[in-house]
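# Build me a model from this:
(one chain, ligands or ions: 1)
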Amino acid sequence: MSPAPLSVSELPLLTPDAALFLDFDGTLADLAPRPDAVRVPPSLIHTLQRLQQALHGAVAVVSGRPLEQLDELLRPLRLPSAGVHGVERRSADGYVQRLAAPALDRVIEAAQALCARLPGLLVERKHGAVALHYRQAPELRPYCEAALRAALEDAPGLTLLHGKMVYEVKPAVANKGHAIQAFLREPPFRGRRALFAGDDVTDEDGFAAVQSEGGTAIKVGDGPSCARWRLGDPQALREWLAQCAHALDAAPVNGNRPAAAPGEAAAGTSREAGPEAARAVRAAALPGGA
Ligand SMILES: [Mg+2]
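This is a model prediction of the structure:
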């Protein structure tokens, strides 16, 4: 299913009982020619801080990047995060879990050999995974795939992931859906309504996980997806997040009280807190929530 993109104003706002999960590259931040060239708008940090407060800490990043890169990019924020597609995960209490990963020596060797032979490729080593980027030489995609598939023969427990201009080898047991489900078993995420936004095929497991629990999935940008909602690009997502932060700040303080049930108290809230809060309450009545 590939829904058409919504405008920012059409997408229902977050409700106060939301648990927010966000991919990073291509979702929060615009893609760049190299992973180290990605820039984060200062206003995004401010928005995420406001959302973290308004949602009682239930905001997490779920990315293919390692945790230390996410922390550096989002400094001074240090959010609960899943890195390397869930191979590593830091809970809200700061505890970091890392999955034991099968040996990657053959894969690293193959990726580095190809990189040495064909200019324009970039090998990125992570805890438990290896990424081979070909964004600067898209014509080399088939060589990347062939080399990594060959290296993966007789490598049980590892799997090949094809993202935007990148192939990645990672443990088969790790995916973004499992990472989100693990967060949802812990405070402050437990009992909240999950929303996950992502842009790539690597996010599909996360979309399926939140939708299977009655939550909301937002695909950012083009491409087929199981997500029921879509926004056009990272800028649209950032605008929507800023609107959500504003509306949640304006909403009456109610602690962890769940959002109003469909129809319940919507009129009263709209009179008290303005049209944006009314849009937030309406969201609770929409299929899949918001
Ligand atoms: Mg992404």
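# what does the domain assignment say about the chain?
When the chain is parsed into structural domains using automatic domain parsing, the resulting residue ranges are 8-98+175-283, 105-171.
# wait, which of those domains is closest to the ion?
domain 8-98+175-283 (3.9 Å; Cβ to the ion). Yep, even glycine has a C-beta here, placed from its N, CA and C like the rest.
# mean pLDDT lowest for which of the domains of the chain?
Of all the domains of the chain, domain 8-98+175-283 carries the lowest average pLDDT, namely a mean of 87.
# Is it positioned near the ion?
Yes. Contact between domain 8-98+175-283 and the ion, assessed by Cβ under 5 Å from the ion, occurs at 23, 25-26, 199-200.
# Work out the gap between that domain and the centre of the chain.
Offset of domain 8-98+175-283 from its chain centre (Cα atoms, centre = their mean, to the nearest Å): 7 Å.
# Show me the strands in the chain, by range?
With DSSP state E, the ranges of strands along the chain come out as 18-22, 59-62, 81-83, 88-90, 96-98, 122-126, 129-133, 158-163, 166-171, 193-198, 216-220, 229-231.
# Let me know which of those is tucked in deepest.
Comparing the strands of the chain on average neighbours per residue, with mean count of other Cβ atoms under 10 Å, the densest one is strand 81-83 at a mean of 29.
# helices or strands up against it?
Where contact means 3 or more Cβ pairs under 8 Å, 6 or more residues apart in numbering; DSSP states H and E, strand 81-83 is packed against strand 59-62, helix 67-74, strand 88-90, helix 176-184.
# S7 - how many residues pack around it?
When neighbours are defined as other Cβ atoms under 10 Å, S7 has 11 of them.
# contacting residues for the closest residue to it other than its chain neighbours?
Nearest residue to S7 in three dimensions, chain neighbours excluded: A236, at 7.8 Å (Cβ to Cβ, 6 or more residues apart in numbering). When contacts are counted by Cβ atoms under 8 Å, 6 or more residues apart in numbering, A236 touches 5, 7-8, 220.
# L104 too?
With contact set as Cβ under 8 Å, 6+ apart, L104 has these partners: 128-130, 158, 169.
# Just the closest of those to A227, please.
A129 (23.8 Å; Cβ to Cβ).
# isn't the closest one right up against K170?
Yes. The pair A129 and K170 qualifies as a contact (Cβ atoms under 8 Å) at a distance of 4.1 Å.
# shared neighbours of these two, which are they?
For the pair A129 and K170, residues contacting each of them under the criterion Cβ under 8 Å, 6+ apart are 84-85, 87, 101.
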